[in-house]
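Q: Here's my sequence, what's the structure:
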Amino acid sequence: MITGEAVLMAQRLKLTEKETKFIELYLKYLTGARAARDAGYSIKTARSIAHELMRKPKIKAAIDEGLKKAYREWST
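A: As a prediction, the model looks like this:
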């Protein structure tokens, strides 16, 4: 399920639903292949899809932002 915050981010960055779900799941699992598979990408190509997604500037920026936010919450 995509959270409200993720929907706003997806709209702002013009991401697809699968890309948004990948970001959410990556931030949960910290594993690209698992996040890609669970986001609905092919099991056979999950590793290569994850690699491709992580190279997209918008997706990388969203993940970096999410990791920074998680760190700030954890460190307070």
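Q: by contact count, what packs against the lengthiest helix in the chain?
A: Secondary structure of the chain per DSSP state H: the longest helix is helix 57-75. When contacts are defined as 3 or more CB pairs under 8 Å, 6 or more residues apart in numbering; DSSP states H and E, helix 57-75 sits against helix 4-13, helix 17-29, helix 46-55. Every C-beta, even on glycine, is put in place using the N, C-alpha and C of the backbone.
Q: let's see 6 Å
A: For helix 57-75, the packing partners by 3 or more CB pairs under 6 Å, 6 or more residues apart in numbering; DSSP states H and E come out as helix 17-29.
Q: outside of the helix it packs on, which residues touch it?
A: Residues from elsewhere that reach helix 17-29, judged by CB atoms under 6 Å, 6 or more residues apart in numbering: Ile2, Ala6, Ala10, Ala35, Ala36, Asp38, Ala39, Gly40, Leu53, Ala62, Ile63, Gly66.
Q: got a winner among these for most neighbours?
A: Ala36 (27 neighbours; other CB atoms under 10 Å).
Q: and the residue nearest the centre of the chain, how far is that from Ala61?
A: When CA atoms, centre = their mean is applied to the chain, the residue found nearest the centroid is Ile23 (0.8 Å). In this structure, Ile23 and Ala61 are 10 Å apart, going by CB to CB, to the nearest Å.
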